[in-house]
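Peer 1: Sequence unavailable; structure follows:
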């Protein structure tokens, strides 16, 4: 499983996501758009060294990266609250899955959504309809990497 971070604003969220990737066996992360990468001190502070166990790649264009990943045989799944999204536990993940998560405020853009093979969502029963991106990513990675 791989992860693509699209325009995540907070370096602290990125560091937390990296720790979750390490915990759930994700070995590749793509940093796209404005997403802070390994060199940001706040990312390093929050990831607590987990970045040393994961391969990180910087890409400037999310759409082009998704197209490249598809050409390599990957399935692209976006984590987004959307009318076409299915609940996480209803998706049969493959080893060639790339999870795409988006900006803390705006989520995934319509262009990114249109490139995804499937959209996934976390079923929620509370009043709020969304979670912090690092929390949501951790939940999704847990569910998608269960054996």
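Peer 2: Looks like it arrived, so ask away. Source: prediction; values computed, not measured.
Peer 1: okay, now the nearest residue to residue 36 once chain neighbours are set aside: neighbour count?
Peer 2: Residue nearest to residue 36 in three dimensions, not counting chain neighbours: residue 11, with 4.1 Å by Cβ to Cβ, 6 or more residues apart in numbering. Using the backbone N, CA and C atoms, a C-beta is placed for each residue, glycine as well. Close neighbours of residue 11, defined as other Cβ atoms under 10 Å, add up to 19.
Peer 1: List the residues that contact residue 11.
Peer 2: Contact analysis of residue 11 by Cβ atoms under 8 Å, 6 or more residues apart in numbering lists 36, 40-43, 46.
Peer 1: Kindly recompute the last result at 6 Å.
Peer 2: Contacts for residue 11 were tallied using Cβ atoms under 6 Å, 6 or more residues apart in numbering; they are 36, 40, 42-43.
Peer 1: do residue 51 as well
Peer 2: 18, 38.
Peer 1: Go again with 10 Å.
Peer 2: 14-15, 18-19, 21-22, 29, 37-38, 43-44 (Cβ atoms under 10 Å, 6 or more residues apart in numbering).
Peer 1: returning to what we had before: if I look at the residue nearest to residue 36, how far off is residue 3?
Peer 2: 16 Å (Cβ to Cβ, to the nearest Å).
Peer 1: what do you get for residue 139?
Peer 2: Noted for residue 139: a distance of 13 Å to residue 3, by Cβ to Cβ.
Peer 1: shared neighbours of the two, anything?
Peer 2: Residues touching both residue 139 and residue 3 (Cβ under 10 Å, 6+ apart) are 20, 79.
Peer 1: Okay, helices next: where are they in this protein?
Peer 2: Counting by DSSP state H, the chain has helices at residues 11-23, 41-47, 62-71, 110-115, 133-145.
Peer 1: and among these, the most buried is which?
Peer 2: Among the helices of the chain, ranked by average contacts under mean count of other Cβ atoms under 10 Å, first place goes to helix 11-23 (a mean of 22).
Peer 1: model confidence over that one, on average?
Peer 2: For helix 11-23, mean pLDDT rounds to 97.
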